[in-house]
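Peer 1: based on what follows, work out the 3D shape:
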Amino acid sequence: MTDRPTARETLATVTDDFTELPYPARESKPDGPLAWQGYDASRARAAERTGETESVVCGTAHVEGTRAVLIAFEFGFLGGSLGERTGDRLEAAYTYAREHRLPVVPLVATGGSRMQEGMLALTQLQRVARQSALTRAAGLPQIAVLRDPTTGGGWATLGAGADVILALPGAQVGFAGSRVRPPDADRAAYTAEAQVAAGSADAVVRPEELRSTLGRWLRLLSAPSTDPAPVPPPLGATDFPPTGWAAVQRARSRQRPRAEHYLDAYFTHRLPISGDRCGGTDPDGMLCGFGEREGRTVAYAAQTGTATRPAGYRTAARLIRLADRLGIPVLTLVDTPGAANDAEAERQGAGAAIADVFHAVAAARTPITTLLIGEGGSGGALALAAPGNTWATPDSYFSVIAPELAAAILKRPPEEVEATADQLRIRPQDLAELGVIRSDD
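Peer 2: Just a heads-up that it's a prediction; the model follows:
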């Protein structure tokens, strides 16, 4: 035995009013569907040791005031493995969540599928994936908590398939369990911290902070709204730039307010999401998450003034699609000299990542509000802008190309860069006159 918290001990850390759901009955053949010798005895020993009759405990509870369906794995019961009866319980829990419009919180600790049930155990992953997909289509959030260990099919369905993924410090997380991975594999790659760094999970949360963090996430993701996000007021200059080049200089100034300033002023509190779920993050170029403003939830995707990398665009697309599915309005802050254009960015699929954001914005049914707060560099900036609902601060500009690059392409000398900036009509007032952005007039 280990000192891992049991399923019910884990439930007690996040709620005080857990009510277990009734479980479907299933007639089993002796020693299970494969007649695996000793299987019934193994289950009996597991039940005696843990006090549970299966590897998951399912029920409803309030977490910091928000009611949800909680699914807690009992690792002491055959390694938290998934079998047919586990699938029955999981399907019933997800069905209950949809019938009662409740979010789902899997508290995962599993070694994978139960080998004593062979392929019938493995196919439970298809059942779980189906239930997760139906719940997603119903517009209900799924927030996974990765405990130790979270491996195999449990990670690849209930864990990695959730909308927001939280993990406990030091938890073993990976598709390959400790007994099946290569003997020379880097153990550090199979940790919660590594999965967050790789963009496969959103955050590591300490056990003592899990209840409050989970409660905040449940409140934020369970508050749909049809009203657009209000436009943030400008935090920098209030007068418009006299020339195009002056607009460029203002936008490039280090003293100009950046995304962090706008987000801090806009939200009462906010929680970030991290990662593109494809192995990448862009923490220096794109900030994404959900926050509360005047009692309402607003999702945000904000560029930080640097060249945005492919992982940043994919994370923004993920954020917009999640907000759209949950009916939460979106605020985007545009501020980039352009998309990263180095060789590594091309290898990481820069074009496809930018296209993904364009498609996410174009397809969104939830309202999107955009504020240009600094540099608007070409398509790498436009991808995040809401057509017909983009605004601009007085210390910003939007351009089809940087004035210096435009002059170079036109074979103009450096001294003509400033005149080129005027020709491009990139000032906020020019953009309003051209109908590219909205104005109060």
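Peer 1: are we agreed that E292 is in a helix?
Peer 2: No. Read with DSSP: H, G, I helix; E, B strand; the rest coil, E292 is strand and lies in no helix.
Peer 1: who touches it in this structure?
Peer 2: Going by C-beta atoms under 8 Å, 6 or more residues apart in numbering, E292 touches R219, L220, F267, T268, H269, R270, V298. In short, each C-beta sits where N, CA and C put it, glycine included.
Peer 1: from what I see, the second one and I273 are in contact.
Peer 2: Just to be clear, that refers to L220. No. Counting by C-beta atoms under 8 Å, L220 does not reach I273; the two are 10.8 Å apart.
Peer 1: how near is the spatially most central residue of the chain to G118?
Peer 2: Closest to where the C-alpha atoms of the chain average out (C-alpha atoms, centre = their mean) is I273, at 4.5 Å. I273 sits 37 Å away from G118, going by C-beta to C-beta, to the nearest Å.
Peer 1: over to Q249?
Peer 2: 68 Å.
Peer 1: could you do D202 as well?
Peer 2: Counting by C-beta to C-beta, the gap from D202 to G118 is 34 Å.
Peer 1: more neighbours, the two?
Peer 2: D202 (25 against 15; other C-beta atoms under 10 Å).
Peer 1: surely the more buried one touches D163?
Peer 2: No. Between D202 and D163 there is no contact under C-beta under 8 Å: 9.4 Å.
Peer 1: and the residue nearest to the centre of the chain, what are its bridge partners?
Peer 2: I273 forms beta bridges with C288, as assigned by DSSP bridges.
Peer 1: just the pLDDT at it, thanks.
Peer 2: The model reports I273 with a pLDDT of 98.
Peer 1: cool, D184 as well?
Peer 2: 78.
Peer 1: so which residues of the stretch 151-300 of the chain form strands?
Peer 2: 164-167, 173-174, 203-204, 269-273, 286-293, 296-303 (DSSP state E, counting those that start in this stretch).
Peer 1: go through the fourth one and flag the buried ones.
Peer 2: The one in question is strand 269-273. Across strand 269-273, burial judged by 16 or more other C-beta atoms under 10 Å covers R270, L271, P272, I273.
Peer 1: and the angle for that strand with strand 296-303?
Peer 2: Computed by axes from the mean of the first three to the mean of the last three C-alpha atoms, to 10 degrees, the angle separating strand 269-273 from strand 296-303 equals 50 degrees.
Peer 1: roughly how far is stretch 86-97 from the heart of the chain?
Peer 2: 24 Å (C-alpha atoms, centre = their mean, to the nearest Å).
Peer 1: and it, what's buried?
Peer 2: Quick answer for stretch 86-97 (16+ other C-beta under 10 Å): T86, G87, D88, R89, L90, E91, A92, A93, Y94, Y96, A97.
Peer 1: just send those back as CSV, with distance to P183, pLDDT and secondary structure too.
Peer 2: As requested, the buried residues of stretch 86-97 are exported to CSV (distance: C-beta to C-beta, whole Å; pLDDT from 0 to 100; DSSP: H, G, I helix; E, B strand; the rest coil):
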residue, distance to P183, pLDDT, secondary structure
T86, 30, 97, helix
G87, 32, 97, helix
D88, 37, 98, helix
R89, 35, 98, helix
L90, 33, 98, helix
E91, 37, 98, helix
A92, 40, 98, helix
A93, 37, 98, helix
Y94, 38, 98, helix
Y96, 43, 98, helix
A97, 41, 98, helix
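Peer 1: distance to L333 added to these, as JSON lines?
Peer 2: Listed next are the buried residues of stretch 86-97 as JSON lines, based on distance: C-beta to C-beta, whole Å:
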{"residue": "T86", "distance to L333": "44"}
{"residue": "G87", "distance to L333": "43"}
{"residue": "D88", "distance to L333": "46"}
{"residue": "R89", "distance to L333": "43"}
{"residue": "L90", "distance to L333": "39"}
{"residue": "E91", "distance to L333": "41"}
{"residue": "A92", "distance to L333": "43"}
{"residue": "A93", "distance to L333": "38"}
{"residue": "Y94", "distance to L333": "36"}
{"residue": "Y96", "distance to L333": "39"}
{"residue": "A97", "distance to L333": "34"}
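Peer 1: what is the nearest of those residues to E346?
Peer 2: For the buried residues of stretch 86-97, the residue nearest E346 by C-beta to C-beta is Y94; the value is 40.7 Å.
Peer 1: where are the low-confidence patches of the stretch 1-150 of the chain?
Peer 2: 1-2 (pLDDT under 70).
Peer 1: do a quick rundown of the strands in it.
Peer 2: Under DSSP E, counting those that start in this stretch, the stretch 1-150 of the chain gives strands at 19-20, 56-63, 66-73, 104-110, 143-151.
Peer 1: hey, which of these is tucked in deepest?
Peer 2: The highest average neighbour count among the strands of the stretch 1-150 of the chain, using mean count of other C-beta atoms under 10 Å, belongs to strand 104-110 at a mean of 29.
Peer 1: coming back round to it: shared neighbours, L220 and I273?
Peer 2: Common neighbours of L220 and I273 (C-beta under 8 Å, 6+ apart) are F290.
Peer 1: of the strands of the stretch 1-150 of the chain, which is nearest P207?
Peer 2: Among the strands of the stretch 1-150 of the chain, if distance is taken as C-beta to C-beta, the winner is strand 143-151, at 9.6 Å.
Peer 1: for the closest one, what is the distance to the chain centroid?
Peer 2: Distance, centroid of strand 143-151 to centroid of chain: 16 Å (C-alpha atoms, centre = their mean).
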